[in-house]
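Colleague: okay, predicted coordinates and the sequence, questions at the end:
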Amino acid sequence: MPALIRKKCNSDGILSEEDLKDIAEAKDDIQAGRVYTPEQARKALGLQ
């Protein structure tokens with residue numbers, strides 16, 4: 001299990017309903033193309 005997910009799990013190793021909802025929303029965003037590459041994010045934030 002990835003470290004980030006392991007940190008988010010409760011002591012039983014189960015993600016909260018809110019975490020599961022956030023994961024589902026992120027998956028939908030990725031599938032719909034609502035994501036930025038690191039280069040695009042840096043440019044949008046004026047870091048490039």
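Modeller: Perfect, I can see it now. Numbers count the residues shown, from 1 in each chain.
Colleague: now for residue 12, how many residues are close by?
Modeller: When neighbours are defined as other C-beta atoms under 10 Å, residue 12 has 5 of them. C-beta: built from backbone N, CA, C; applies to glycine.
Colleague: using the three-state scheme, assign it.
Modeller: Following DSSP: H, G, I helix; E, B strand; the rest coil, residue 12 is assigned to coil.
Colleague: again, but for residue 26
Modeller: In three-state terms, and counting by three-state DSSP, residue 26 is helix.
Colleague: can you give me the distance of it to residue 18?
Modeller: Between residue 26 and residue 18 the computed distance is 13 Å (C-beta to C-beta, to the nearest Å).
Colleague: looking at the two, which is more packed in?
Modeller: Neighbour totals were compared for residue 26 and residue 18, and residue 26 leads with 12 against 9 (other C-beta under 10 Å).
Colleague: apart from its chain neighbours, what residue comes closest to residue 36?
Modeller: Closest residue in space to residue 36, ignoring its immediate chain neighbours: residue 44 at 6.8 Å, by C-beta to C-beta, 6 or more residues apart in numbering.
Colleague: same thing with residue 35?
Modeller: The shortest distance from residue 35 to any non-neighbouring residue, by C-beta to C-beta, 6+ apart, is to residue 29 (6.2 Å).
Colleague: quick one: average pLDDT of stretch 28-41?
Modeller: Throughout stretch 28-41, pLDDT has a mean value of 94.
Colleague: contacts for it next, please.
Modeller: The contact list for stretch 28-41 (C-beta atoms under 8 Å, 6 or more residues apart in numbering) reads 44, 48.
Colleague: mind doing that once more with 10 Å?
Modeller: Residues outside stretch 28-41 that contact it (C-beta atoms under 10 Å, 6 or more residues apart in numbering): 26, 42-45, 47-48.
Colleague: show the buried residues in the residues you listed.
Modeller: Buried by 16 or more other C-beta atoms under 10 Å: nothing, out of these.
Colleague: reformat those as JSON lines; add distance to residue 36 and secondary structure.
Modeller: Formatted as JSON lines, the contacts of stretch 28-41 follow (distance: C-beta to C-beta, whole Å; DSSP: H, G, I helix; E, B strand; the rest coil):
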{"residue": "26", "distance to residue 36": "13", "secondary structure": "helix"}
{"residue": "42", "distance to residue 36": "9", "secondary structure": "helix"}
{"residue": "43", "distance to residue 36": "9", "secondary structure": "helix"}
{"residue": "44", "distance to residue 36": "7", "secondary structure": "helix"}
{"residue": "45", "distance to residue 36": "10", "secondary structure": "coil"}
{"residue": "47", "distance to residue 36": "12", "secondary structure": "coil"}
{"residue": "48", "distance to residue 36": "12", "secondary structure": "coil"}
